[in-house]
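**Q** I need the structure of the sequence given here:
(chains A, B, C and D)
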There are 2 protein chains.
Amino acid sequence: MPESHYPEIRSLDLFSHMDEANFETLLRAGYVQNFPPQIELITEGESSDFLHVVLSGSVELFSNLNGRETSISTIRPISTFILAATIKDAPYLMSARTLEKSRIVMIPSQDVRSIFEVDNHFARAIVTELALCYRTVVKQTKELKLRTSLERLANYLLRQQTRAGGGSVFELETEKRRLASYLGMTPENLSRAFKALRPYGVSVNGSMIEISDQSDLISFAKPSPLIDDKDV
Amino acid sequence: MPESHYPEIRSLDLFSHMDEANFETLLRAGYVQNFPPQIELITEGESSDFLHVVLSGSVELFSNLNGRETSISTIRPISTFILAATIKDAPYLMSARTLEKSRIVMIPSQDVRSIFEVDNHFARAIVTELALCYRTVVKQTKELKLRTSLERLANYLLRQQTRAGGGSVFELETEKRRLASYLGMTPENLSRAFKALRPYGVSVNGSMIEISDQSDLISFAKPSPLIDDKDV
DNA sequence: TTGATATCTTGATATAGATCAACCCCAAAC
DNA sequence: GTTTGGGGTTGATCTATATCAAGATATCAA
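**A** Alright, predicted model coming up:
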């Protein structure tokens, strides 16, 4: 791998405290590749040969079952995915595909596991990362079971507004059909849900959203820090 | 804590490879307590003061939001819960209550974090445990989004049958109202779902289930190793 | 045993959400 | 510029699931 990528990868929490020699060993074993959009990088059920790092672009994690498909999360730069499968040397539970042109680092899982065994700082960073991943999925489960689809959309919009800087107008950044799948609903229903939020000050123009009265939407969405806050 | 409990706790994967002195430090800081049924041990949102180990009995993890409640998992001996919150020093995302008379070890989170910092074997064991927890929740999310409630029940019964030894008659071990909540449905609907599985050879008598033709139920449930297998 | 209480079941009804079909719109390819 | 195809929307309909109400069954304490 070209050393020019090292600094940005090194800056990830996962790698920032590990031993320099181990870090270089890891990256020298890795590859950087550019992928076009809509390439399936990994398929659920396969053995986890690589830990992936998204340098640019974006990647969708999704899952299939009996002809159905659901979107589980979107990975944006710079972060890793499929860490748990790599560490446990277990099959991937989710598939991954590029959403746009993306630059991906692939580090052989075997090397990750070897360094994990000898580098204590790396092992501790993995703990923090996995704990974060775990808590993120627990929040998703709570949201799915405790909120209606309309509430999920309302809270998603509030979260996205915050991520986009907090202005009253912001962009979705996600295709609506994929957002629907992520929220656990059909595209048709998402379209109707947007209309149902109009009385709470939500207006939609393509991928641009305007929330005219945030407090009004909040009073409907009833966001909870234990589901919606980023690093709780 | 009385030393008589040490061996059974030590036998957990989480503690089995750590340094003996560290293990004893950890347990000496801990308490063992007996709780009656239906005691709320922790409440979501509180800071994580203790790592809990269930020695006997059982504990339910659940969550509330706007008057609704959902059951997320049942912890049976001997295992720990609330590890991720402890490690991250973050608020609990779920509440916990005893389901029956239970003996619980409570180890102060601060001590767990201190030993985590110095004991590399312990740190690695935590990685394995968290990766397992993470993958379990991902499977739950997939099940919730990709299966109907009837399919969830059918697959739950097949899993429970396996856990109970594989015989055609086995016990539910879970109150039906709580099972309904776990599966993301109402008690009324669970009752109807049991009847709907009758054509596939499922008969119910109180908490006893009989699956007369397993292959018939399997052909309906279409279990997937990536959701239903224990340690995949 | 009896009473009290909670769980479970059943039926009737309401609601949320999925499906199907048609159409619109826009962007890329010819 | 026309064509083509995909995403998005809308309306009509259907299905899954929740809710409400009542009765049945089980559990436990007095």
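**Q** Please count neighbours and contacts with C-alpha atoms only from this point.
**A** Noted.
**Q** Could you count how many residues lie near residue A:135?
**A** Summarising burial for residue A:135: neighbours were counted as other CA atoms under 10 Å in any protein chain shown, giving 24.
**Q** residue contacts, it?
**A** B:84, B:93 (CA atoms under 8 Å, 6 or more residues apart in numbering or on different chains).
**Q** May I ask which helix or strand encompasses it?
**A** helix A:120-146 (DSSP states H and E).
**Q** Tell me the residues of chain A that contact DNA strand C?
**A** Selection of chain A residues close to DNA strand C by CA under 7 Å from any atom of the strand yields A:148-150, A:184-186, A:188-189.
**Q** List the buried residues in stretch A:165-180.
**A** By 16 or more other CA atoms under 10 Å in any protein chain shown, the buried positions in stretch A:165-180 come out as A:169-172, A:176-180.
**Q** quick check, it touching chain B?
**A** No: using CA under 8 Å from any CA of the partner chain, stretch A:165-180 stays clear of chain B, coming no nearer than 11.7 Å.
**Q** Return the distance of residue A:155 relative to residue A:210.
**A** 14 Å (CA to CA, to the nearest Å).
**Q** Pick out whichever of the two has more residues nearby.
**A** residue A:155 (23 against 18).
**Q** Pretty sure the more buried one sits in a helix.
**A** Yes: counting by DSSP: H, G, I helix; E, B strand; the rest coil, one finds residue A:155 located in a helix.
**Q** and the closest residue to it other than its chain neighbours, what pLDDT?
**A** Excluding the flanking residues, the one nearest residue A:155 by CA to CA, 6 or more residues apart in numbering or on different chains is residue A:221, at 5.6 Å. Here the pLDDT value assigned to residue A:221 is 96.
**Q** Surely residue A:221 is in contact with residue A:151?
**A** Yes: using CA atoms under 8 Å, residue A:221 is in contact with residue A:151, at 5.4 Å.
**Q** Relative to residue A:217, how far out is the residue lying farthest from the centre of chain A?
**A** No residue in chain A sits farther from the centre than residue A:199, which is 30.5 Å out by CA atoms, centre = their mean. Here the criterion is CA to CA. By it, residue A:199 lies 9 Å from residue A:217.
**Q** Residue A:61 is in what secondary structure piece?
**A** strand A:59-65.
**Q** Tell me if that strand is near chain B.
**A** Yes: Strand A:59-65 lies within reach of chain B by CA under 8 Å from any CA, at A:63-65.
**Q** Which of these ranks first by neighbour count?
**A** Tallying neighbours with other CA under 10 Å puts residue A:63 at the head of these, with 20 neighbours.
**Q** Which residues does it form beta bridges with?
**A** Counting by DSSP bridges, residue A:63 is bridged to residue A:70.
**Q** Do the host helix or strand of residue A:188 and chain B come into contact?
**A** According to DSSP H and E, residue A:188 maps onto helix A:187-196. No: between helix A:187-196 and chain B, judged by CA under 8 Å from any CA, nothing touches; the nearest distance is 14.7 Å.
**Q** same thing with stretch A:107-124?
**A** Yes: Stretch A:107-124 lies within reach of chain B by CA under 8 Å from any CA, at A:117, A:120, A:123-124.
**Q** Stretch A:225-232 now?
**A** Yes: for stretch A:225-232 and chain B, the contact criterion (CA under 8 Å from any CA) is met by A:226, A:232.
**Q** Contacts for that stretch next, please.
**A** Under CA under 8 Å, 6+ apart, the answer for stretch A:225-232 is A:139-140, A:142-143, A:155, A:159, B:44-45, B:90-91, B:93.
**Q** now do 10 Å
**A** With CA atoms under 10 Å, 6 or more residues apart in numbering or on different chains as the test, stretch A:225-232 has contacts from A:132, A:135-143, A:155-156, A:158-159, A:163, A:223, B:44-45, B:63, B:65, B:85, B:88-94.
**Q** Pull out the buried members of those.
**A** Judged by 16+ other CA under 10 Å, buried ones among the contacts of stretch A:225-232: A:132, A:135-143, A:155-156, A:158-159, A:223, B:44, B:63, B:65, B:85, B:88-94.
**Q** Flag every buried residue along the helix holding residue A:188.
**A** By 16+ other CA under 10 Å, the buried positions in helix A:187-196 come out as A:190, A:193-194.
**Q** with these in mind, which one is nearest to chain B?
**A** For the buried residues of helix A:187-196, the minimum distance to chain B (CA to the nearest CA) is 15.6 Å, reached by residue A:190.
**Q** How about the closest one, nearest residue that isn't a chain neighbour?
**A** Counting by CA to CA, 6+ apart, the residue nearest residue A:190 is residue A:180, at 5.8 Å.
**Q** Switch the residues of stretch A:107-124 next to chain B over to a markdown table; also include neighbour count and pLDDT.
**A** A markdown table is the format used below for the residues of stretch A:107-124 next to chain B (neighbours: other CA atoms under 10 Å in any protein chain shown; pLDDT from 0 to 100):
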| residue | neighbour count | pLDDT |
| --- | --- | --- |
| A:117 | 14 | 93 |
| A:120 | 21 | 93 |
| A:123 | 25 | 94 |
| A:124 | 22 | 93 |
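**Q** Turn those residues into JSON lines, including distance to residue A:27.
**A** Below are those laid out as JSON lines (distance: CA to CA, whole Å):
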{"residue": "A:117", "distance to residue A:27": "16"}
{"residue": "A:120", "distance to residue A:27": "18"}
{"residue": "A:123", "distance to residue A:27": "17"}
{"residue": "A:124", "distance to residue A:27": "19"}
